[in-house]
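In: Kindly return the folded structure for what I paste below:
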Amino acid sequence: MAGILCHYEDTAIMTPSSHPLTEAELEQFIGTEHYYQNPFGIKYTDGIQYLAERAQAFWLIDGVIRWSETLTEEDGSGDI
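Out: Below is the predicted model:
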């Protein structure tokens, strides 16, 4: 699928739509009105859901979960 690269501080985000993902789009998310849950029971906010849908970045949620799990294994708390 073709997309557009959006550059923000040396980071490129592929977006499937016809216009780049902008910082202004993400600034609208302060707090949350809804929580979403992935199949493993991890909850996340409206802003994360929007980013995942808009940039087709559900892989990013999975990556953050895996990374945070390694942190909890290191400190033994079991909390993410």
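In: now this structure, which segments are flagged as low pLDDT?
Out: The chain contains residues with pLDDT under 70 at 1-18, 73-80.
In: which helices and strands does the longest helix anywhere in it pack with?
Out: Ranked by number of residues, the top helix in the chain under DSSP state H is helix 58-75. Counting contacts by 3 or more C-beta pairs under 8 Å, 6 or more residues apart in numbering; DSSP states H and E, helix 58-75 packs against helix 46-54. Just so you know, the C-beta spots here come from the backbone N, C-alpha and C atoms, and that holds for glycine as well.
In: again, only using 10 Å
Out: Secondary structure elements in contact with helix 58-75, counted by 3 or more C-beta pairs under 10 Å, 6 or more residues apart in numbering; DSSP states H and E, are strand 43-44, helix 46-54.
In: so of those, which one's packed in deepest?
Out: Across the helices and strands packed on helix 58-75, averaging neighbours per residue (mean count of other C-beta atoms under 10 Å) puts helix 46-54 on top, at a mean of 16.
In: Name the residues that touch it?
Out: Helix 46-54 is touched from outside by 13, 15-17, 21, 25-36, 38, 44-45, 57-62, 64, with contacts defined as C-beta atoms under 10 Å, 6 or more residues apart in numbering.
In: what's the angle between that helix and helix 58-75?
Out: With axes from the mean of the first three to the mean of the last three C-alpha atoms, to 10 degrees applied, the angle from helix 46-54 to helix 58-75 works out at 130 degrees.
In: In CSV, list the C-alpha atoms belonging to helix 46-54.
Out: What follows is helix 46-54, C-alpha atoms only, in CSV (Å, rounded to 0.1, in the frame of the first residue of the first chain):
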residue,chain,number,x,y,z
ASP,A,46,-7.9,7.5,22.2
GLY,A,47,-4.7,9.1,21.0
ILE,A,48,-2.9,5.8,20.7
GLN,A,49,-5.9,4.3,18.9
TYR,A,50,-6.0,7.3,16.5
LEU,A,51,-2.3,7.0,15.7
ALA,A,52,-2.6,3.2,15.2
GLU,A,53,-5.5,3.6,12.8
ARG,A,54,-4.3,6.7,11.0
